[in-house]
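>>> Mind folding the following:
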Amino acid sequence: MPDSLLVALCAVNQYGTEPESWSFGRMGLVERAASYIIGRVRGSRGETETMRDAKAKPETRRPRVFYGWWMALAGLVMAFYTDGTGYYGFSVFFDQIIRAFPQWPLWALAIGPSLQRLESGILSPVAGYNTDRFGPRKVLLFGFCVAGLAFMLLSRMQNVWQYYLIFLLAAIGQSHCSFVTSTAAVSSWFSRKRGRAISVVLLGPGLSGLLVAVWVWMIPLLGWRTTLLIAGLGYWIVGLPLSTVMRRRPEEYGLRMDGDDAEAPKEAGQRPGSARDVVYPMGTILRSRGFWQYTVAMALANMAQAVILFQVTALRNMGISLGVVGLIVLWQTISSLPARLVSGLLSDLFDKRVVLAGALALQVVAVLVFAATSSVWMALLYATLMGTATGLRNPARLTLQAEYWGRSVFGRLAGIQTGVSSVPGILSPMLIGWMFDVTGSYRTVFIYLALLTAVVIPLVLTIKRPEERPPLNPREAS
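Predicted structure coming up:
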């Protein structure tokens, strides 16, 4: 078969009536079919010189919508489900488990989430390494499969040893399908607009209160066990298809970060060699004081986040009905939405350390308000402050990490940071549960956690980049 047939078919494919694709600029169906036929004749299993040239020189036609934004949108929906079920939503299920097993002390029940955080801490560096090495798609597929299975098994749990083992299994899944994996993928597709893109992903947790309201509505109708079973199936139905949208780096598909053209102008005020595109070797980062200062600061700040696990139980102990508590949690997540968008924009324009420190200061106020809460109105004030603090915090800290230490090792660094954070995160649920068993109140322990967060603020404001200069060749950083 002559090569002219391939040329002719390629011309039909290029100038035919097919609409322009928004994909990665891969070859058209007709071209691939013709190349396969010629390859079969030549015995080369379909890969001709023409196809090899096309792989080496992908099309430069600019897509209508930069693919990184599709990834950010998929990350938003995945984060919506994982946070609405495994984070904010789990506080509702945790309250039901407490009431279903009154013979178990609260500190013993709190060991379950602590075990999850322990294993997540061990596995998060592994998940981060896997994300950088194997790509986010495979990591997310694995995570959603395991997390869904864990929730379905939890719906059948009958005794304490099953409870603990299932939480360990849930930790394996959650550490691989969390929003950190999605933001690591999205971060690799953006530079100038990285803060805004990460904010899009983190709108998912902000909207997750809507899903919490669904669980609150379903539990009285179907029971907490059936609702947990449905939640587990949801991990598969929602997460598995969307995981396939994630990709590695845009350069592998003939694209550039932010969807720029080959000679896109630099952002105003951006210096050559700016830290936005910096690439440090892993060893340089791990030897730098700034990275460990950041990691320890986030670990201590995360202790106060354990308040969210107990907020449903604490509010119900005040005599507030489950339906009203569900509305308070919904308001908490919705109130974070403007902050998530503003945080991304502020992080792109100003010093990310200041934005992050401001979020932590607001978290201190929120936890102190919750410690003093005695009515629905004070609970709504707490929800507003905590939601805003969380919304400001996560985009700022993730964009700070990408700017100070680079995108090539983003997943590994996020895994290390999450792993270290799990150490105090393990202790805080058990500490809260134990102090409630002893004092009958959450007030004292919440005040301690707020003061601990206040100590973190100076640490954040003094974080510095590594003193060593980054290599000019990004390959040296691997």
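>>> ok, which stretches of the stretch 301-450 of the chain are helices?
If DSSP state H, counting those that start in this stretch is used as the criterion, the helices of the stretch 301-450 of the chain fall at 307-317, 322-334, 336-349, 352-371, 376-405, 410-439, 443-461.
>>> The last one packs against which elements?
Helix 443-461 makes packing contacts with helix 289-303, helix 352-371, helix 410-439 when contacts are defined by 3 or more CB pairs under 8 Å, 6 or more residues apart in numbering; DSSP states H and E. Just so you know, the C-beta spots here come from the backbone N, C-alpha and C atoms, and that holds for glycine as well.
>>> so who does the closest residue to Ser428 other than its chain neighbours touch?
Once flanking residues are discounted, Ser428 sits nearest to Ala306: 3.8 Å by CB to CB, 6 or more residues apart in numbering. Going by CB atoms under 8 Å, 6 or more residues apart in numbering, Ala306 touches 425, 428-429, 432, 449.
>>> which regions of this structure sit below the pLDDT cut-off?
Within the chain, the stretches with pLDDT under 70 are 1-63, 114-125, 128, 259-279, 407-411, 414-415, 418-419, 422, 467-478.
>>> Highest mean neighbour count out of the helices of the stretch 301-450 of the chain?
Ranked by mean neighbour count, those are led by helix 376-405 with a mean of 24 (mean count of other CB atoms under 10 Å).
>>> okay, the angle between that helix and helix 322-334?
30 degrees (axes from the mean of the first three to the mean of the last three CA atoms, to 10 degrees).
>>> Which residue, other than its chain neighbours, is closest to Val216?
Once flanking residues are discounted, Val216 sits nearest to Gly326: 3.3 Å by CB to CB, 6+ apart.
>>> For Arg225, see how far away Leu141 is.
27 Å (CB to CB, to the nearest Å).
>>> Surely Arg196 and Asp348 touch.
Yes: assessed by CB atoms under 8 Å, Arg196 is found in contact with Asp348 at 6.3 Å.
>>> Might you calculate how far stretch 242-261 sits from the centre of the chain?
18 Å (CA atoms, centre = their mean, to the nearest Å).
>>> can you give me the helices in the stretch 151-300 of the chain?
With DSSP H, counting those that start in this stretch, the ranges of helices along the stretch 151-300 of the chain come out as 160-177, 179-187, 194-201, 203-207, 209-222, 224-243, 282-287, 289-303.
>>> Please tabulate those in CSV, including the columns mean neighbour count and distance to Gly254.
Output for the helices of the stretch 151-300 of the chain, formatted as CSV (neighbours: other CB atoms under 10 Å; distance: least, CB to CB, whole Å):
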stretch, mean neighbour count, distance to Gly254
helix 160-177, 21, 29
helix 179-187, 28, 18
helix 194-201, 26, 20
helix 203-207, 24, 29
helix 209-222, 18, 37
helix 224-243, 19, 23
helix 282-287, 16, 28
helix 289-303, 20, 33
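>>> Export the helices of the stretch 301-450 of the chain as TSV, with columns for distance to Thr284.
TSV is the format used below for the helices of the stretch 301-450 of the chain (distance: least, CB to CB, whole Å):
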stretch	distance to Thr284
helix 307-317	35
helix 322-334	38
helix 336-349	23
helix 352-371	20
helix 376-405	9
helix 410-439	12
helix 443-461	21
